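Colleague: predicted model and sequence follow; I will ask about them next.
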Amino acid sequence: MAWSLYRWVWRLESPLHIGMAPAGNLNRTRLYVPARNLWGTLTEALAQSMASVNTFPDYQRVGDQLKEGIRFSYLFPAEQEGNEWKAWLPHYKTGAELVWRREDQTADVADRTFRTRLLSTRPGTAIAPDSDTAQEATLREFEVIGPYWRSNQSVVGLVGYVFVQSSSGSTGTCCQLLGSPPPELLLIGGDTKYGLGRILRINCQNANDIFGCKVDLNQNDPVVKSDHILAHALPPASSNNFKGQYEVIAGWDYSKQLQSSRDLLCQPGSKTDQQQDWKILNTGYWQTR
């Protein structure tokens, strides 16, 4: 089985919230878009575009087809330099210190500092259905990634990669493979009904690597060779000098049941002591071969 690889760039058109564990009454956001979120929003967009006026969108069929023929990397924040978009990637250093590094630079920016370049907060509350007013004790704030970098007011981009099965008979661009016409505007993350999470696709082109990491496109699952993990990953069987942190991921399935990963997963940015071959699973997680 062979895969085609593309690098795609999205522009943030409105604030974006990708939920993570809260801190008190602050709903925090991730600074990247997981593959699961991409799969979910594309499933919704494609299923709705394929449905006729009198039929309900077949989300499960479309979602299963995407899982079978497509693999996604995570999307990371990026800034524009000339005609190119440069992504900022997470790195864990000694002592589990999280820093961010632009893919064309070597200087590190501490996570706390980097978050101030992107984030702002918005107030929110639950509405009591009987009175249509704010429900008591539900006032909170939630973080959002703004559509502009706070340092220079340039637009915020999101950069990642998509693998498409070549055996699906496609020879065109990834944009042709993800629907006809392909979705250019997606709603992703939380509170999209309130205008959040609008991302616009502005570029999609062939690629030979993932953020500089070599890839093998001739396996049943795409393989990335790296000591730097750029997704949530199942911990390798043996790894000395591991740098990073673990977490459990939770989400909703088709039947609206809350599901969580049974295993602790390495967080994006984690590093191992040596390069390893990582399979990209249809969940978006990485796993050693």
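Modeller: Ah, there it is.
Colleague: worst-scoring helix or strand of this protein, pLDDT-wise?
Modeller: When the helices and strands of the chain are scored by mean pLDDT, DSSP states H and E, helix 174-177 comes last with a mean of 54.
Colleague: what pairs with the helix or strand following that one, and is each one parallel or antiparallel?
Modeller: Of the helices and strands lying after helix 174-177 in sequence (DSSP states H and E), the nearest is strand 185-187. If you go by DSSP bridges, strand 185-187 pairs up with strand 198-206 (antiparallel).
Colleague: next, the buried residues of the longest helix along the chain.
Modeller: For the chain, the helix reaching the highest residue count under DSSP state H is reported as helix 35-50. Neighbour-count burial for helix 35-50 flags 35-47 (criterion: 16 or more other C-beta atoms under 10 Å). Any C-beta I mention is one placed from the backbone N, CA and C, and that applies to glycine too.
Colleague: closest to Trp286 out of the residues you listed?
Modeller: Ala35 (9.8 Å; C-beta to C-beta).
Colleague: so that closest one sits right up against Phe72, yeah?
Modeller: Yes: assessed by C-beta atoms under 8 Å, Ala35 is found in contact with Phe72 at 3.9 Å.
Colleague: what touches both of the two?
Modeller: Overlap of the contact sets of Ala35 and Phe72 (by C-beta atoms under 8 Å, 6 or more residues apart in numbering) consists of Gly284.
Colleague: re the thing from before, elements contacting the longest helix of the chain?
Modeller: helix 59-69, strand 70-72, strand 185-187 (3 or more C-beta pairs under 8 Å, 6 or more residues apart in numbering; DSSP states H and E).
Colleague: quick one, which of the ones you listed gets closest to Arg117.
Modeller: That would be strand 185-187 among these, by C-beta to C-beta, at 23.6 Å.
Colleague: which residues does the closest one contact?
Modeller: Taking C-beta under 8 Å, 6+ apart as the rule, strand 185-187 contacts Trp10, Glu13, Thr41, Leu42, Ala45, Gly197, Arg198, Ile199, Leu200, Arg201.
Colleague: likewise stretch 36-44?
Modeller: 18, 57, 59, 62-63, 66-67, 70, 72, 75, 160, 178, 183, 186-189, 251, 283-284.
Colleague: in this structure, what spans have low per-residue confidence?
Modeller: 167-181, 238-240, 252-262 (pLDDT under 70).
Colleague: how about 50 then?
Modeller: 169-172 (pLDDT under 50).
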